[in-house]
Every structure is written in C-alpha cells, then in structure tokens.
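Trainee: Kindly return the folded structure for what I paste below:
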Amino acid sequence: MTETKRTFTLPRIFLMIVVVFVIPFLPMIISGAWTWLEAWAYAILSALGFIVSRALAARRHPDILAERARSIELQNAKSWDKILAPMLAFGSALILTVSGLDKRLEWTPPLPPVAVIVSLLVIVLGFAVGSWALIENRFFSGVVRIQNDRGHHVVSTGPYRFVRHPGYAGALWTYLATPVLLNSLWAFIPAALLFVVLVVRTSLEDKTLQDELPGYREFTRKTKYRLMPGLW
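Mentor: Model (predicted):
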C-alpha cells in the first residue's frame with residue numbers, strides 16, 4: 001500500500017467531507033433558513049478557506065497534508081492534546097449549532113448592521129492569518145508533538161514574526177466574531193468556552209516547545225507574544 005493510500009483512508013476522507021461541506025452549513029441545516037445571507041457568507045468563506053489553504057500549503061510543503069491527516073494517531077502526540085485538539089477542531093460546530101437554534105427560535109433580536117459587517121471582516125482576517133500560518137509552517141501539525149521524524153525546527157518567518165501561534169490567533173478572532181455575524185448572543189457561550197480551551201492549549205504547547213524544541217526559547221525573545229501583540 002502506498003503512503004498516500006495509508007494516509008488518505010476512507011474514514012479520513014469522510015471526515016474531511018464533513019468538515020468542509022457539512023459543519024459550515026450547520027446554521028442553515030438547523031434553522032431551515034436557506035436564504036440566510038450571513039450564514040451563506042460564513043459557509044463559503046469556511047469551505048473555500050479550508051480548500052485553498054490546504055492546496056497552497058501542500059504545494060509548498062508536499063508532506064504537510066499527510067502529517068495533519070494522521071496526526072491524532074501519532075504515538076508521540078502529547079496526551080493532553082489528544083483531548084484539546086478535537087475540542088478545538090470541532091468547536092466551531094458548537095457555535096454554529098447554537099446560532100442555528102437561535103435563528104430558528106428567534107432568541108436574539110437583530111444586531112446593528114455595522115456590527116455584522118465588522119464581524120465578517122474579522123472572520124476574513126482570521127481565516128487569512130490562519131491560512132498564512134499553515135502555508136508558512138511545514139510543521140503545522142494537527143496535534144502538539146516534536147516532529148523529529150520530519151526535521152522539526154523553529155519557524156520564525158511570515159506571521160510568526162508577530163505572534164508565536166498565529167494559527168491559534170486567527171481561530172480566536174473567528175470564534176469571537178462568528179456569533180455576531182450569525183446574530184446569536186447565545187453563541188458567545190460556546191465561543192467563550194473555546195476561548196478558554198484555546199488559551200490553555202496555547203500555553204501548554206508553548207511550554208512544550210520551549211522545553212523540547214531547540215532554538216525555541218531564543219525565538220520567544222524575538223517574538224514576545226503568544227496570541228495577541230501587546231497583551232499575551
């Protein structure tokens with residue numbers, strides 16, 4: 001069996017289809033509101049962002065998709081991240097589910113149009129920063145592990161000049177802006193929970209890299225902030 005066949009098995013392909021073509025459409029599936037423009041905007045941005053970013057990353061780093069596809073099964077993935085990684089990977093589904101229910105049951109009154117427009121711009125920025133990090137970093141795995149089998153080293157270019165974990169930063173902005181775009185104040189509850197999980201994972205990953213990846217401590221002296229420049 002070739003490496004490609006071992007990596008892209010039917011269960012993994014099915015999971016990818018769910019991530020790209022089902023989860024982004026949850027607000028419309030749950031609410032039944034198929035003319036909901038903001039939900040369409042989110043779904044299209046999410047699907048295109050996933051496809052384009054992976055295509056560009058694979059073009060630059062041909063082995064990165066295989067790494068990400070099999071990452072949760074790797075033996076040297078940190079035990080705590082086998083819990084946190086799936087929580088974040090599917091966390092947006094919880095935000096989208098609550099947003100769909102909110103739309104269906106009309107829990108939240110209409111938010112100001114300017115807030116919706118700003119939230120859309122923030123989501124675009126979040127997807128862009130996360131995609132940039134994925135394309136720039138050959139070691140952008142789906143789980144926290146030191147990739148000695150792939151020649152793991154510090155990446156300090158691109159968005160890593162500004163924060164040490166730009167992929168997480170982009171996800172954070174997206175989590176917090178999605179409830180506004182989808183007009184659901186109740187969706188801030190799962191968004192806040194994901195915010196906490198993301199901060200915990202960032203802290204644990206950063207400590208792991210400082211302890212185990214040569215050159216990372218020096219990198220932290222140049223790029224001082226983990227997620228938010230000037231804050232943390």
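
Trainee: Now do the same contact list for the residue positioned nearest the centre of the chain.
Mentor: Centroid check for the chain by Cα atoms, centre = their mean gives Ala171 as the closest residue, at 4.6 Å. Neighbour list for Ala171: Leu88, Gly126, Gly130, Leu198 [criterion: Cβ atoms under 8 Å, 6 or more residues apart in numbering]. All C-beta spots, glycine's among them, are computed from the backbone N, C-alpha and C.

Trainee: so what's Ser119 up against?
Mentor: Ala177, Thr178, Val180, Leu181.

Trainee: Quick check: the gap between it and Ala187.
Mentor: 11 Å (Cβ to Cβ, to the nearest Å).

Trainee: For ChimeraX, write a command that selects the buried ones of the contacts of Ser119.
Mentor: Per 16 or more other Cβ atoms under 10 Å, the buried members of the contacts of Ser119 correspond to this ChimeraX selection:
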select :177,178,180,181
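
Trainee: What segments of the chain are helices?
Mentor: Under the criterion DSSP state H, helices of the chain are mapped to 3-7, 10-21, 26-31, 37-60, 64-70, 81-89, 91-105, 113-136, 166-181, 188-212, 216-222.

Trainee: could you dump those helices to JSON lines with distance to Val155?
Mentor: Shown next, in JSON lines, are the helices of the chain (distance: least, Cβ to Cβ, whole Å):
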{"stretch": "helix 3-7", "distance to Val155": "22"}
{"stretch": "helix 10-21", "distance to Val155": "24"}
{"stretch": "helix 26-31", "distance to Val155": "33"}
{"stretch": "helix 37-60", "distance to Val155": "12"}
{"stretch": "helix 64-70", "distance to Val155": "12"}
{"stretch": "helix 81-89", "distance to Val155": "19"}
{"stretch": "helix 91-105", "distance to Val155": "25"}
{"stretch": "helix 113-136", "distance to Val155": "6"}
{"stretch": "helix 166-181", "distance to Val155": "10"}
{"stretch": "helix 188-212", "distance to Val155": "11"}
{"stretch": "helix 216-222", "distance to Val155": "9"}
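
Trainee: Of the ones you listed, flag the one that's most buried.
Mentor: Of the helices of the chain, the one with the most neighbours on average (mean count of other Cβ atoms under 10 Å) is helix 166-181, at a mean of 24.

Trainee: re earlier: closest one of the contacts of Ser119 to Ala192?
Mentor: Taking Cβ to Cβ as the measure, Ala192 lies nearest Thr178 of the contacts of Ser119, at 12.2 Å.

Trainee: low-confidence ranges in this protein?
Mentor: Scanning the chain with the threshold set as pLDDT under 70 gives 1-8, 11-12, 71-75.

Trainee: before we move on, the earlier item: out of the helices of the chain, which is closest to Asn148?
Mentor: helix 188-212 (9.6 Å).

Trainee: which residues touch that closest one?
Mentor: In contact with helix 188-212 (Cβ under 8 Å, 6+ apart) are residues 78, 80-81, 84-85, 87-88, 91-92, 94-95, 98, 144, 146, 164-165, 168, 171-172, 175-176, 178-179, 216-217, 220, 226-227.

Trainee: Stretch 127-134 too?
Mentor: With Cβ under 8 Å, 6+ apart, stretch 127-134 has contacts from 45-46, 49, 52-54, 56-57, 64, 140, 158-160, 166-167, 169-171, 173-174.

Trainee: Ala43 touches Trp34, doesn't it?
Mentor: No - with contact defined as Cβ atoms under 8 Å, Ala43 does not count as touching Trp34 (10.8 Å).
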